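Trainee: Sequence plus the predicted model coming up.
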Amino acid sequence: MRLSAIARQLRKTLGRDAVLDRPEDLMLYEYDAGVAKATPGLVVFPQTTEHVVAVVKAAREAQVSIVPRGAGTGLSGGSISRDCGIVMVFSRMNRILELDLMNLRAVVQPGVVNLDLSAAVNPEGFYFAPDPSSQRACTIGGNVAANSGGPHTLAYGVTVNHVTGMEVVLADGHVARLGGKAADSAGYDLTGFFVGTEGTLGIVTAVTVKLSRISEAVSTMLAIFNTVDDAANTVVALTAGGITPTALEMLDGWTLRTVEEATHAGYPMDSGAVLLIEVEGLRESIPEQQAAVTEICRRQNAREVRIARNETERQLLWAGRKNAFAAIGRLANSYYTQDGVVPRTRIPATLRYIDEVGKKYGVHIGNVFHAGDGNLHPVILYDLRDPEQVEQVHRISQEILQWCVELGGSITGEHGVGLEKQNMMPMMFSPDELEVMERLRRAINPSAVLNPGKILPTTLGCGEINVARARPRGAHP
Ligand SMILES: Cc1cc2nc3c(=O)[nH]c(=O)nc-3n(C[C@H](O)[C@H](O)[C@H](O)COP(=O)(O)OP(=O)(O)OC[C@H]3O[C@@H](n4cnc5c(N)ncnc54)[C@H](O)[C@@H]3O)c2cc1C
């Protein structure tokens, strides 16, 4: 069946306005927040699980691929269709189905925006802990598929730690209900298994998540340093000193100046680096935690430790961090946000290495990242219209990620593998390990109808990334 015939069939089931096939409409779904680009053949907007099943069955019959898509804020090309298939967008499945506050659970449709869930339960004293910096836009379905983290991952863990159940539409159209509201369920932990599979094994149509209680008190501090080295050493000193902040974020001097010019968060323009440090707990515990953090920062040469005096000041400090990428977006035609992990103790050496790589290639590499997790996000400005710069950016990324792996880290901390890093997987996994993953995929998604050509290595090399070169502007997240 050709795509036009599928479109006709699906319009009858999903509604006329739930299927897009005009080129000017399809263009909007050619990219996510990463650098790759490819035009889908069809875009559909299901409103129910039954709609999702209908699309899967139609696609399977016609051997057309389906790529699930939340808000398209993913940074690894996961939600673009590389073979002109169907992109299934969840913006109309955005209802909170159940709030079970007594049991600290919520059941949501995949298109619920991350921050909207917290906003819904904040008045009752609860929130949803996974908080990607994109939380104003990204969806819970996307968080589950990418196993997203965020500034508070250090204390609360990534998305998988907050999902207890889900409903998934499988590649043959069957609907599987995995887990539930209980913290653990019998048998294989299929809920945990499906988290982070980036839409390659099933389409998530409902998620049961844990809700967390808002702490009685919270304090956010800005530690200001003259050098990146001092700030990086402080990250290690804080955790070695027995302090686990709920968030420990770092911005280097170049990044904080860029952010400050755009958001006026109060970051000092003449500093070499800042750490954003948050502690939580009972009200009485806060002064003691603040004092311990301040003492360690000062021992590591912090020239000042500012403590937000009220919620407005606290939000302002966070606004700088959360809008960092948007601020960087003002500087260049495009930029590449890398995502790698190193053991926390190797952060100082890694930042020096990143600086050396930048000097070697004659580009500046900024750093804004989840320091407490060792999860780095080197940012490289470039011009997407210049193929040589695109090549160079990929070489730089490859070198940095190779370094991360050699130190016992990873090629991705939270953005997923997607299309962008699939051919780096052999850096981390042996052929036997990759074969296990391939077998699992073949067992669960045998027709490869769901998000094909993602996560596992292909023989296509960087060719798929080439499609991005034609993209004129706005590749920055
Ligand atoms: C400015 C900015 C800051 C960011 N900060 C962070 C951060 O701090 N931490 C972090 O982890 N990430 C971060 N990201 C990356 C991104 O926001 C996350 O990966 C997010 O979870 C993606 O959600 P989304 O709804 O946009 O998903 P999309 O980008 O639409 O999709 C992501 C992946 O999930 C799959 N998918 C989406 N919905 C479903 C579904 N219902 N069923 C099955 N598969 C599905 C897609 O196929 C794709 O593979 C950031 C991105 C930007 C642009």
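Mentor: Arrived safely.
Trainee: Number of residues surrounding the residue of the stretch 301-450 of the chain found nearest the ligand?
Mentor: At 3.1 Å from the ligand, E414 is the closest residue in the stretch 301-450 of the chain, using CB to the nearest ligand atom. For every residue, glycine as well, the C-beta is placed using N, CA and C. For E414, the neighbour count with other CB atoms under 10 Å is 25.
Trainee: Hmm, N375 and it touching each other?
Mentor: Yes - counting by CB atoms under 8 Å, E414 touches N375, with 6.3 Å between them.
Trainee: how far away is the residue positioned nearest the centre of the chain from F90?
Mentor: The centre of the chain sits closest to H415, judged by CA atoms, centre = their mean, with a distance of 4.0 Å. H415 is 19 Å from F90, where distance means CB to CB, to the nearest Å.
Trainee: Please apply the same query to E98.
Mentor: To F90, E98 is 18 Å away according to CB to CB.
Trainee: Run through this protein and note the low-pLDDT ranges.
Mentor: 1, 459-477 (pLDDT under 70).
Trainee: Name the residues of it found near the ligand, please.
Mentor: 32-33, 67-75, 78-79, 90, 110, 132-134, 138-139, 141-143, 145-146, 148-150, 198-199, 203-204, 325, 414-415, 418, 451, 477 (CB under 6 Å from any ligand atom).
Trainee: what do you get if the cut-off is 5 Å, keeping everything else the same?
Mentor: 32-33, 68-75, 78-79, 110, 132-134, 138-139, 141-143, 145-146, 148-150, 198-199, 203-204, 325, 414, 477 (CB under 5 Å from any ligand atom).
Trainee: Mind checking which of the residues you listed are in helices?
Mentor: Judged by DSSP state H, the residues of the chain next to the ligand include G141, G142, N143, A145, A146, F325 as members of helices.
Trainee: P46 - how many residues pack around it?
Mentor: Neighbour number of P46 under other CB under 10 Å is 29.
Trainee: so what's it up against?
Mentor: Shown in contact with P46 (CB atoms under 8 Å, 6 or more residues apart in numbering): L14, A18, V52, V55, M88, F90, R92, M93.
Trainee: where does it sit relative to R92, distance-wise?
Mentor: 7 Å.
Trainee: Ok, A332 next?
Mentor: A332 is 34 Å from R92, where distance means CB to CB.
Trainee: ditto for L3
Mentor: Using CB to CB, L3 is found at 21 Å from R92.
Trainee: Equivalent analysis for R330, please.
Mentor: Applying CB to CB, the value for R330 to R92 is 32 Å.
Trainee: One more: D355?
Mentor: According to CB to CB, D355 and R92 sit 46 Å apart.
Trainee: Could you do N301 as well?
Mentor: Relative to R92, and taking CB to CB, N301 is found at 53 Å.
Trainee: From the neighbour counts alone, determine which of these two ranks first.
Mentor: Applying other CB under 10 Å to N301 and R92 shows that R92 carries more neighbours, namely 18 against 14.
Trainee: mind listing what the residue nearest to H162 when sequence neighbours are not counted touches?
Mentor: Distances taken as CB to CB, 6 or more residues apart in numbering place K210 nearest to H162, at 4.6 Å, with adjacent residues excluded. Going by CB under 8 Å, 6+ apart, K210 touches L104, R105, A129, N161, H162, V163, T164.
Trainee: burial measure for the third one, as a count.
Mentor: If I follow you right, that is A129. By other CB under 10 Å, 21 other residues sit near A129.
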